[in-house]
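Colleague: sequence and predicted structure, then a few things I'm wondering about:
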Amino acid sequence: MDLVIGELRKRPASRLILGNHEEVLLHFLDRPDKREIIFDHWMSNGGAATAASYGLDVERPHPRIEDAHETLIDLLMANPAHIEAVRTAAALIPEDDYVFVHAGLRPGVAIEKQTTKDLRTIRADFLESDFDFGPIVVHGHTVTTSRRPEIYDNRIALDTVAGASGGLSALGILDDGARFFLQASTGNVVSIAEPLDLRSDRALPWWSDSRRRPQSLAASLSAG
């Protein structure tokens with residue numbers, strides 16, 4: 001989070017997208033009436049690692065679960081910049097011919113009418129659909145089968161199970177529309193990643209954006 005906040009401050013145009021795990025953190029802070037239920041759900045779905053990273057001793061038994069709640073709240077609130085970044089994160093970010101979102105979009109629903117639940121948690125209804133959303137949907141949330149970035153007709157999937165393997169992937173889009181992928185592995189080694197191209201039409205190379213530059217792409221391919 002410190003790295004994320006440093007980047008947001010260094011480059012004001014940078015944006016952070018809220019995911020389902022971060023949303024649960026906010027629910028934990030903001031819903032004291034349901035805190036025990038939220039805490040149990042969070043801890044059993046990756047939250048224990050987050051709590052430990054902020055200093056909560058997750059191995060020590062707590063005779064009163066409320067003590068663990070209060071300790072974790074204090075630890076979280078000792079990092080106000082982290083909480084502010086999460087509170088002000090975007091639900092989705094449209095950018096040119098792409099829309100960036102945590103989990104995906106519901107097919108058949110206009111982008112401006114998508115629910116935050118779908119944006120942060122949708123899986124099968126989105127992943128198994130060939131619906132044309134207009135812009136390409138860039139998302140994470142669901143680990144790719146290949147453990148590599150995957151390109152489909154209507155979406156680009158980037159979750160390469162970094163939490164377990166260290167293989168954190170990213171998509172880069174240049175001003176001319178060309179795309180590239182990076183992957184950071186254990187030991188902070190960053191290298192160019194080769195995605196799995198699962199598009200139905202592979203007449204154009206995956207690194208190009210055929211919808212933005214059809215004429216220039218055709219010319220460059222002919223020249224090559």
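Modeller: That came through, no problem.

Colleague: spit out the contact partners of residue 87.
Modeller: residue 26 (CB atoms under 8 Å, 6 or more residues apart in numbering). All C-beta spots, glycine's among them, are computed from the backbone N, C-alpha and C.

Colleague: how about the host helix or strand of residue 184: buried residues?
Modeller: Residue 184 is part of strand 179-185, with elements assigned from DSSP states H and E. Residues of strand 179-185 classed as buried: 179, 181, 183-184 (neighbour count, 16 or more other CB atoms under 10 Å).

Colleague: and which of these is nearest residue 70?
Modeller: Nearest to residue 70 among the buried residues of strand 179-185 is residue 184, at 35.6 Å by CB to CB.

Colleague: roughly how far does the closest one sit from residue 16?
Modeller: 18 Å (CB to CB, to the nearest Å).

Colleague: do the same with residue 76
Modeller: 17 Å.

Colleague: looking at these two, which has the bigger crowd around it?
Modeller: residue 76 (20 against 17; other CB atoms under 10 Å).

Colleague: what's the first-to-last distance across stretch 155-172?
Modeller: Using CA to CA, to the nearest Å, the end-to-end distance of stretch 155-172 comes to 15 Å.

Colleague: go ahead and confirm residue 4 touches residue 16.
Modeller: Yes: contact status for residue 4 versus residue 16: in contact at 6.4 Å, counting by CB atoms under 8 Å.
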